[in-house]
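[1] task: produce atomic coordinates for the following.
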Amino acid sequence: MALITVIGASGRQGMAQVRQALAAGYDVRAISRQAEPFAGAKIDGIENIDVRPMDLYDTATYKQALEGSDYIFYTHPLQARADRAVLVGDIGKAAAELDVKRVVWNTSSWIPDRPGDAHTYAGNTAGINALWRSGAPGTVFGSVLFMDNLLTNWARPFIVNEGRYVYPHKPTLEANWISLDDVAKFMLASLDRPDMEGAWLNIGGPRRMVGPEVAQVLSDTLSKPIKYDPCTPAEFGRLLVQAGGDGIPEEMRGGLEEGISAFYEYNNTADTKPFEVDMDHVYERFPELEGKLEPMEEWAPKQDWGDSNFRPAFG
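    All right, here's what the predicted structure looks like:
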């Protein structure tokens with residue numbers, strides 16, 4: 001079977017890609033600098049995964065890590081020390097030299113229709129251009145907002161312990177929440193599609209939801225009242241940085257807080273509505289996935305909401 005190499009395999013997004021690739025019958029290589037990247041995770045077939053280290057900031061380490069790959073799945077790190085365009089361009093160049101069939105980049109955020117939008121969105125546009133110029137066959141998905149965020153240590157404790165769903169969305173903000181496993185399914189579905197080479201597509205979950213609707217799903221799932229208690233973007237920035245703990249250097253904390261705050265101020269007010277996805281267009285491109293994506297009502301009851309849940313803060 002073809003080999004998929006997952007860069008950032010130990011993060012929540014990478015683990016979903018590993019899980020779905022194994023379920024689809026692919027051979028999987030995990031790229032991680034951790035000795036045990038899946039410690040605590042439950043993934044069928046995990047014993048068959050080839051784990052190799054790679055320093056994302058040292059291109060000299062790429063060849064040994066990536067050689068033999070048929071496909072590469074890349075997710076940009078939240079705390080990356082280099083620009084999106086630089087890193088995804090470097091991955092593309094290495095993939096081209098190694099004759100990789102396709103690089104699939106999951107941007108973890110919306111892709112604008114034009115250059116110049118703020119925050120990571122502008123970086124996505126620049127990164128796509130860098131990937132196209134690298135010479136590697138590429139596909140890019142802009143996954144807009146993850147259901148799995150609700151399981152993190154900056155969201156779950158409020159939900160489970162305090163009966164509050166705390167998020168920085170204004171109550172009327174609509175969002176196409178998507179599960180990370182469904183993101184991975186899109187990535188896999190694109191591999192044998194010649195029309196998806198050199199293409200990008202924003203993806204989301206099957207329906208748009210506002211904050212109180214998310215709270216109702218959580219209430220039904222946990223069998224107790226969960227109220228939507230929106231926080232300010234600034235408060236949310238502090239929550240995320242606190243959740244990162246010692247993994248975030250002290251000198252980076254202030255800038256990261258400010259960046260998260262500005263990002264969500266933009267998401268709440270921008271005319272571009274970066275959390276909304278035209279799912280009719282998505283299903284035109286991927287008709288085989290229509291009716292197959294998990295709504296939050298189906299996703300939430302399958303999750304482990306207890307303290308034993310394996311949930312990295314970021315990734």
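[2] contact partners for the residue nearest the centre of the chain?
    The residue lying closest to the centre of the chain (CA atoms, centre = their mean) is Ser108, at 4.0 Å. The contact partners of Ser108, by CB atoms under 8 Å, 6 or more residues apart in numbering, come to Gln13, Thr75, His76, Leu78, Thr120, Ser143, Phe146. For glycine as for every other residue, the C-beta is placed from the backbone atoms N, C-alpha and C.
[3] need the CA coordinates for whichever strand or helix holds the first one. CSV is fine.
    So the one you mean is Gln13. According to DSSP states H and E, Gln13 maps onto helix 12-23. C-alpha atoms of helix 12-23 as CSV (Å, rounded to 0.1, in the frame of the first residue of the first chain):
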residue,chain,number,x,y,z
ARG,A,12,-4.3,16.5,17.6
GLN,A,13,-4.6,17.1,13.9
GLY,A,14,-1.7,14.8,12.9
MET,A,15,-3.1,12.0,15.1
ALA,A,16,-6.5,12.3,13.3
GLN,A,17,-4.6,12.0,9.9
VAL,A,18,-2.7,9.0,11.2
ARG,A,19,-5.8,7.4,12.5
GLN,A,20,-7.8,7.8,9.2
ALA,A,21,-4.9,6.9,7.0
LEU,A,22,-4.4,3.6,8.9
ALA,A,23,-8.2,2.9,8.7
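[4] what does it rub up against?
    For helix 12-23, contacts defined as CB under 8 Å, 6+ apart pick out 4, 6-9, 28, 30, 32, 38, 41, 43-46, 48-49, 73, 75, 106, 108, 146, 148, 152, 179-181, 183-185, 187-188, 311-312, 314-315.
[5] next secondary structure after that helix?
    Immediately after helix 12-23, counting by DSSP H and E, sits strand 27-31.
[6] for whichever helix or strand comes after that next one, packing partners?
    Counting by DSSP H and E, the next helix or strand C-terminal to strand 27-31 is strand 50-52. Strand 50-52 is packed against strand 27-31, with contacts defined by 3 or more CB pairs under 8 Å, 6 or more residues apart in numbering; DSSP states H and E.
[7] 10 Å instead, please
    Helices and strands touching strand 50-52, by 3 or more CB pairs under 10 Å, 6 or more residues apart in numbering; DSSP states H and E, are strand 3-7, strand 27-31, helix 62-66.
[8] tell me which of the ones you listed sits nearest to Leu131.
    strand 3-7 (13.3 Å; CB to CB).
[9] tell me the mean pLDDT for that closest one?
    Per-residue pLDDT values over strand 3-7 give a mean of 97.
[10] that one pairs with which strands, parallel or anti?
    Using DSSP bridges, strand 3-7 pairs in its sheet with strand 27-31 (parallel), strand 71-75 (parallel).
[11] tell me where the model's unsure across this structure.
    39-40, 78-79, 116, 246-247, 308-315 (pLDDT under 70).
[12] could you pick out the longest helix of the protein?
    Using DSSP state H, we find that the single longest helix of the chain is helix 250-269.
[13] what packs against the helix or strand just after it?
    Once helix 250-269 ends, the next helix or strand along the chain (criterion: DSSP H and E) is helix 279-285. Packing contacts for helix 279-285, counted by 3+ CB pairs under 10 Å, 6+ apart, involve helix 180-189, strand 199-203.
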